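>>> the following block contains a protein sequence and its predicted model.
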Amino acid sequence: MALTVELSTARSWNDDHMQALFAEGFPEFIVADREVEKYIARIRECFTHLDLMLVDEHEVPVATGWGVPIAWSGTTEDLPATFAQILSRALDVHDTNGEANTLVIGGTVVHPGSKGSGAASELLNALRRLARQYGLSRVLAPVRPTRKHFYPLTSMDEYVSWVRDDGLPLDPWLRLHVRLGGRILAVAPHAQTMTGTVAQWETWVNMRLPASGEYVISQGMSLLHIDLANDLGTYVEDNVWVHHEPEST
């Protein structure tokens, strides 16, 4: 498949094509991180030059990904504690004209019909080239493992330790990162915390939540905690930090 890399802002995209692209992207509840909400609008405004779209020969988008620049010392101790902190640190660099040295990949989506086609590898490589283009010497990815939701009772630390007979990670998304030269640095505990009313959660996960307690939910990498007395659902998930070298241009 021959793919062309463009900025996502390079043109207007067909609504049907975009709906198809994001059909199997992220679960609905991913938008319920209230700390991320504080920053995401400005992130979209300030870093359009780090937002890519991959299109096929028919001009149909097959993958998209974006990132933000931060200053990072290279130590695990200096990794952002949460996804919201990634965005906050990027805006700090932007607002103070600071010097960034690291591209943090904020999100990636591959069209359901293009999974397994190599589009994901092309997207990651395009983002790594983008880092090099802007003089960023490191690339970080807070990876949300794609099969962790099958094991919501297993800790992320244990899940990351699971490997195949060839020594590569059991999780396919982590495995792709490693195949492309990525190095797993650490688990990012409590990377995102999503909150909402019980009614909101019932809509997001398409199930009744009739009592307080812990629930296994669709696409959930960990358990959802429901507190009926306070009409509150809280879901916390870990990510996995992966370090890449920028791709040569």
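All right, it came through fine. Residues are numbered from 1 along each chain as shown.

>>> need phi/psi at Pro210.
When read as degrees, to the nearest 10, the backbone of Pro210 gives phi -80, psi -10.

>>> what's the answer for Glu28, then?
phi -60, psi -40.

>>> any idea of the pLDDT on it?
Note for Glu28: predicted pLDDT of 94.

>>> quick one: His17 from Pro61, how far?
According to C-beta to C-beta, to the nearest Å, His17 stands 6 Å off from Pro61. C-beta: built from backbone N, CA, C; applies to glycine.

>>> more crowded one of these two?
More neighbours surround Pro61 than the other of His17 and Pro61, with 22 against 16 (other C-beta atoms under 10 Å).

>>> the more buried one pairs with what?
Taking DSSP bridges as the rule, Pro61 bridges to Val55.

>>> that one touches Met18, doesn't it?
Yes: when contacts are counted by C-beta atoms under 8 Å, Pro61 is listed as touching Met18 (6.9 Å).

>>> the strands in this structure, which residues?
4-7, 51-55, 61-70, 102-110, 138-143, 183-196, 213-215, 224-227, 232-244 (DSSP state E).

>>> by contact count, what packs against the second one?
Contacts of strand 51-55 with other secondary structure elements, assessed using 3 or more C-beta pairs under 8 Å, 6 or more residues apart in numbering; DSSP states H and E, are made with strand 4-7, strand 61-70, helix 119-133.

>>> quick check: which of the ones you listed is buried the most?
strand 61-70 (a mean of 24; mean count of other C-beta atoms under 10 Å).

>>> tilt between that strand and helix 119-133?
Inter-element angle recorded for strand 61-70 and helix 119-133: 40 degrees (by axes from the mean of the first three to the mean of the last three C-alpha atoms, to 10 degrees).

>>> strand 61-70 to strand 51-55, inter-axis angle?
160 degrees.

>>> now for strand 61-70, which elements pack on it?
Partner elements for strand 61-70 (3+ C-beta pairs under 8 Å, 6+ apart): helix 15-21, strand 51-55, helix 83-95, strand 102-110, helix 119-133.

>>> related to what we said a few turns ago, of all the helices and strands packed on strand 51-55, which one comes closest to Val187?
strand 61-70 (19.1 Å; C-beta to C-beta).

>>> least confident secondary structure element in the chain?
helix 15-21 (a mean of 92; mean pLDDT, DSSP states H and E).

>>> run the chain-centre distance for that one.
19 Å (C-alpha atoms, centre = their mean, to the nearest Å).

>>> contact partners of it?
If you take C-beta atoms under 8 Å, 6 or more residues apart in numbering as the criterion, helix 15-21 is touched by Val60, Pro61, Val62, Ala63, Thr64, Val109, His111, Pro112, Gly113.

>>> which residue comes closest to the first one once chain neighbours are left out?
Among residues not flanking Val60 along the chain, His17 sits closest, at 5.6 Å (C-beta to C-beta, 6 or more residues apart in numbering).

>>> separation between the one you found and Val62?
Counting by C-beta to C-beta, the gap from His17 to Val62 is 9 Å.

>>> so which bits of stretch 198-209 are buried?
Val198, Gln200, Trp201, Glu202, Trp204, Val205, Leu209 (16 or more other C-beta atoms under 10 Å).

>>> list the contacts for the fifth one?
When contacts are counted by C-beta under 8 Å, 6+ apart, Trp204 touches Pro27, Glu28, Phe29, Ala32, Gly196.

>>> also Pro61?
Per C-beta under 8 Å, 6+ apart, neighbours of Pro61: Trp13, His17, Met18, Leu21, Met53, Leu54, Val55, His111.

>>> hmm, which two among those residues are most spread apart?
Met18 and Leu54, at 13.3 Å, using C-beta to C-beta across the contacts of Pro61.

>>> those two: who's more crowded?
Leu54 (24 against 14).

>>> the closest residue to that one other than its chain neighbours and Gly113: what is the separation?
Leaving out its chain neighbours, the residue that sits closest to Leu54 by C-beta to C-beta, 6+ apart is Ala63, at 4.2 Å. From Ala63 over to Gly113 the distance is 11 Å, taken as C-beta to C-beta.
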